[in-house]
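Peer 1: Please find the sequence and the predicted model below.
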Amino acid sequence: MKKRCFQDKMIFLKVMALKGKGRFSIIRIACAFKYAIQGIFYATKVEKNFQIHITCGVVVGVLSFLLKINKTEWLFIIISIFGVLALELVNSALERTVDIATKEIKPLAKQAKDLAAAAVLVYAIMSVIIGILILGPKLIMLF
């Protein structure tokens, strides 16, 4: 699959011709998944905040497994973990987009970056509260 994803100019031109025309293309879908996975690997390797969120997510996941939380609690934990990760990816993408758009320091560029970071912070705080509400009582019962 690696060779087929836009390596060949003819495939690239064919896929681009299909883009937006509603036609189904396995190659285009496979390439889209490939690029999305590359983005996740890049963020895991380079983005410090994403690494922190991944680590916290793994710790909470293991702890949730060990404490045998029920399905409803798992649902809240999973939504919290993946929500923070998704918002962090969007935040990183927005920061890069702003950096591309302007090399100068502009108040609106700073506000855009700050607002995206604030969205991650708000969701992370909510996730911590959910974690405390679900895992806190179970941890207290252990001691």
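Peer 2: Perfect, I can see it now. Fair warning: this is a prediction, and the values are worked out from it, not measured in the lab.
Peer 1: list the buried ones in stretch 109-121?
Peer 2: 109, 112-113, 116-117, 120 (16 or more other CB atoms under 10 Å). In this view, the C-beta of every residue, glycine as well, is placed from N, C-alpha and C.
Peer 1: could I get those residues as TSV with distance to Val60, pLDDT and secondary structure?
Peer 2: Formatted as TSV, those follow (distance: CB to CB, whole Å; pLDDT from 0 to 100; DSSP: H, G, I helix; E, B strand; the rest coil):
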residue	distance to Val60	pLDDT	secondary structure
Ala109	34	93	helix
Ala112	30	95	helix
Lys113	27	96	helix
Ala116	23	97	helix
Ala117	21	97	helix
Val120	16	98	helix
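Peer 1: and the gap between Ala32 and Ile69?
Peer 2: Distance of Ala32 to Ile69, given as CB to CB, to the nearest Å: 34 Å.
Peer 1: These two: who's more crowded?
Peer 2: Ranked by neighbour count (other CB atoms under 10 Å), Ala32 and Ile69 place Ile69 first, with 17 against 12.
Peer 1: Tell me, how many residues neighbour Gly131?
Peer 2: When neighbours are defined as other CB under 10 Å, Gly131 has 19 of them.
Peer 1: Could you do Lys71 as well?
Peer 2: For Lys71, the tally of surrounding residues (other CB under 10 Å) stands at 6.
Peer 1: do Ile77 as well
Peer 2: Ile77, neighbours per other CB under 10 Å, totals 22.
Peer 1: quick one: pLDDT of the most centrally placed residue in the chain?
Peer 2: For the chain, the residue sitting closest to the mean C-alpha position, by CA atoms, centre = their mean, is Ala86 at 2.7 Å. We have a pLDDT of 98 for Ala86.
Peer 1: Please apply the same query to Lys103.
Peer 2: Confidence score, pLDDT, at Lys103: 85.
Peer 1: for it, phi and psi?
Peer 2: phi -90, psi -20 (degrees, to the nearest 10).
Peer 1: Distance check, it against Lys113.
Peer 2: Taken as CB to CB, the span from Lys103 to Lys113 is 14 Å.
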